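[1] predicted model, plus sequence, below.
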Amino acid sequence: MSLDPALRSRIESLLHSNRVVLFMKGQPGMPQCGFSAKAVGALDGLGVDYAHVNVLADPEIREGIKAYGDWPTIPQLYIDGELVGGSDIILQMAESGELSQALGLPVPDRTPPAITITPAAVEMLRGALADAPGASLALSIDAQFQPNFQLAPTDPGAIAAESNGLRVQFDLASARRADGITIDWVDDIRGRGLAIDNPNAPRPVQELSPRDADDQVKAGKLTLVDVRPADERAQAAVAAPFSTLDGEGRAQLEALPKDTPLAFLCHRGGRSLQAAEHFRGLGFTEVYNVTGGIDAWSDEVDGSVPKY
């Protein structure tokens, strides 16, 4: 397709304004296709800063970028205005170290992770491998620390670790996220299957009472985030410093150090839990949900806060 000059100018402006640009489906924190998720995982695994364009929110760009670089699929990665390629190429370059070189980053650490596989897990996994000659167990761990086991062709050049005689292959980003994990086989209240204890994963969202949240905010030990829209905050707001997700608020919060304690507040606790899970997924290690929301705050902290 021919590219409209105004659209070409838009794309070139994006590329000139940002050294690294990923055209993708969705947002880095919530990709809307598996290929975009893989590209995000590779970039996040290298710790590189990059701009992104959600093509689902901009149909003109979605079609225009395909014509601009003569590349038919999404995602697409550009560095210094030059097309690198799609998800397969991004992953291959990340694994080989070429992507780090193109970005001016140090050569990635390919040290195998230290892992422990319990005898019970080894027994079950050997049974699966017996039905797949020439295969190895591959474990990927995404940016939200969700594990995914697969049987994959044995790759002598892959990052691999052994425990109790069982070999496990990792991609570059997963190898770093897997350091120190224990793989077990469980058959209890959690269900029946493989279970991973990963010391690198962010702690689950924790409940925090309104009273404790108020005390910690006033002591300067906690950032309180009211996730409600402005019209709800106008009806009832806490008498303590708080941030919002309005405007640039979300981006400013996401740019904070990952060890910043964050507590999320809404009307009764539902929307705030969703927001807390989002920030936990971004790697924040101390994330709280204020139990009961603004209604509970009125009951437990400040009776002058209206209920609605």
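    Now that the structure is in, tell me what you want to look at.

[2] other residues contacting stretch 242-257?
    Stretch 242-257 is contacted from outside by 29, 217, 223-227, 229-230, 233, 262, 265, 275, 279, 282, 284, using CB atoms under 8 Å, 6 or more residues apart in numbering. No exception for glycine: its C-beta is placed from N, CA and C like everyone else's.

[3] show me the chain divided up by domain.
    Domain assignment for the chain by automatic domain parsing gives 7-103, 116-197, 206-300.

[4] who touches Asp214 in this structure?
    Contacts of Asp214 (CB under 8 Å, 6+ apart): Val238, Ala240, Trp297, Val301, Asp302.

[5] in this structure the first one contacts Asp302, no?
    Yes - with contact defined as CB atoms under 8 Å, Val238 reaches Asp302; the gap is 7.0 Å.

[6] between the two, who's got more neighbours?
    Val238 (21 against 15; other CB atoms under 10 Å).

[7] what's the burial count for the residue nearest to that one when sequence neighbours are not counted?
    Counting by CB to CB, 6 or more residues apart in numbering, the nearest residue to Val238 once its immediate chain neighbours are dropped is Trp297, at 5.8 Å. For Trp297, the neighbour count with other CB under 10 Å is 26.

[8] re the thing from before, buried only: go through the contacts of stretch 242-257 for me.
    29, 217, 223-227, 233, 262, 265, 275, 279, 282, 284 (16 or more other CB atoms under 10 Å).

[9] just checking, which of those residues belong to helices?
    Val217, Arg233, Ala275, Phe279 (DSSP state H).

[10] what pLDDT is listed against the second one?
    Note on Arg233: pLDDT of 96.

[11] switch to numbering from 28
    Taking 28 as the first residue, the last one we looked at is Arg260.

[12] who does the closest residue to it other than its chain neighbours bridge with?
    Closest residue to Arg260 apart from its sequence neighbours, by CB to CB, 6+ apart: Asp253 at 5.9 Å. Taking DSSP bridges, one finds Thr271, Leu292 as the beta-bridge partners of Asp253.

[13] you'd agree Asp253 is up against His294?
    No - Asp253 lies out of contact with His294 (CB under 8 Å); the separation is 10.0 Å.

[14] any common contacting residues for those two?
    Joint contacts of Asp253 and His294 (CB under 8 Å, 6+ apart) are Ile321.

[15] before we move on, the earlier item: for the ones in helices among the buried ones among the contacts of stretch 269-284, which one is nearest Phe197?
    The shortest approach to Phe197 among those belongs to Phe306, at 26.2 Å (CB to CB).

[16] tell me the bridge partners for the closest residue to that closest one other than its chain neighbours.
    Using CB to CB, 6+ apart and skipping the chain neighbours, the partner closest in space to Phe306 is Val314 (5.4 Å). Legend: beta-bridge partners of Val314 under DSSP bridges are Leu289.

[17] what's near enough to touch Val314?
    Pro229, Arg230, Val232, Gln233, Pro288, Leu289, Ala290, Phe291, Ala303, Phe306, Arg307.

[18] again, only this time at 7 Å
    Val314 makes contact with Val232, Leu289, Ala303, Phe306, Arg307, according to CB atoms under 7 Å, 6 or more residues apart in numbering.

[19] wait, which of those is closest to Asn175?
    Nearest member of those to Asn175, counting by CB to CB, is Arg307, at 18.8 Å.

[20] distance check, the closest one against Leu166.
    The gap separating Arg307 from Leu166 is 21 Å, by CB to CB, to the nearest Å.

[21] on that earlier part again, could the ones in helices among the buried ones among the contacts of stretch 269-284 go into TSV alongside distance to Met51?
    Output for these, formatted as TSV (distance: CB to CB, whole Å):
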residue	distance to Met51
Val244	36
Arg260	32
Ala302	22
Phe306	20
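
[22] and of the residues you listed, the nearest to Gln119?
    Comparing those against Gln119 with CB to CB places Phe306 closest, at 31.3 Å.

[23] my read: the closest one touches Leu289, true?
    Yes - applying CB atoms under 7 Å, one finds Phe306 in contact with Leu289, separated by 5.9 Å.

[24] in JSON lines: the contacts of Asp241, plus pLDDT, distance to Ala179 and secondary structure.
    Shown next, in JSON lines, are the contacts of Asp241 (pLDDT from 0 to 100; distance: CB to CB, whole Å; DSSP: H, G, I helix; E, B strand; the rest coil):
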{"residue": "Val265", "pLDDT": "96", "distance to Ala179": "51", "secondary structure": "coil"}
{"residue": "Ala267", "pLDDT": "94", "distance to Ala179": "51", "secondary structure": "coil"}
{"residue": "Trp324", "pLDDT": "97", "distance to Ala179": "50", "secondary structure": "helix"}
{"residue": "Val328", "pLDDT": "96", "distance to Ala179": "53", "secondary structure": "coil"}
{"residue": "Asp329", "pLDDT": "96", "distance to Ala179": "56", "secondary structure": "coil"}
